[in-house]
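Peer 1: quick one: sequence plus predicted model below, questions after.
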Amino acid sequence: GFCVSVVDTPGAFDSKGNDVHYQNQMAEFFKASGGVNMFCIFFKYGEKLNKNYKALLKQYSSFWGASFWKQCVVVVTRCDVLSTDEDEKEELESGLKKTRKQVREEIRAVSGGLVQDIPIYEFGKNNFCESTKRLLMSLADPKGPFAEKYECDAIKSPINETVRQIKRLLIKFNS
């Protein structure tokens, strides 16, 4: 069968300043898990990436390398039409079209142009099962974009980077 593990990473920019600690834990977990097939970037329908979220994605790209972006998808949440009113459905579809365009532009900018067309999945109460199935099918497709695992050796945790920098300085100092 097909096994899926979902890891919800801790919030970033918390008031206690635990970001580096969380990043170290995530790096160790991802390395120990043997690889990551997909990173999901969650986005509420109608909202923009705020400066903290952009900074977090840039940080992830910096720590985990450019190949991080090849494993990313965007999940837009709260995409619901609660009534059968055609005008409301048209308004939602128009809003989703605008959201898709905006998300792609923002991800393209945050990734430094590495991402041109990020996959986007919309989730709401009305389409949750269908959307989950589409997302999982793309993950399970042996010829799909997420068939290869992200190389966890490329993950650089803040603590590992600090150790590398100290070693380089020591080598330089001893030369």
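Peer 2: Yes, it's here. Keep in mind it's a predicted model, so treat the numbers as computed, not measured.
Peer 1: and the pLDDT for the residue nearest to R78 when sequence neighbours are not counted?
Peer 2: Closest residue to R78 apart from its sequence neighbours, by C-beta to C-beta, 6 or more residues apart in numbering: Y45 at 4.6 Å. All C-beta atoms are positioned from the backbone trio N, CA, C, and that covers glycine. In this model, Y45 is scored at 82, pLDDT.
Peer 1: which residues touch the helix ranked longest in the chain?
Peer 2: Longest helix in the chain by number of residues (criterion: DSSP state H): helix 86-110. Outside helix 86-110, the residues that touch it by C-beta atoms under 8 Å, 6 or more residues apart in numbering are 41, 43, 45-46, 48-49, 54, 57-58, 61, 72, 74, 76, 79-82, 115-118, 120, 122.
Peer 1: sitting in strands, which of these do you find?
Peer 2: I41, F43, C72, V74, V76, I120, E122 (DSSP state E).
Peer 1: and those residues, which two are furthest apart?
Peer 2: Pairwise distances across these peak at 16.0 Å for C72 and E122 (criterion: C-beta to C-beta).
Peer 1: phi, psi for F39 please.
Peer 2: For F39, the backbone dihedrals are phi -110, psi 130 (criterion: degrees, to the nearest 10).
Peer 1: thought it was touching V74?
Peer 2: No - counting by C-beta atoms under 8 Å, F39 stays clear of V74, with 10.0 Å between them.
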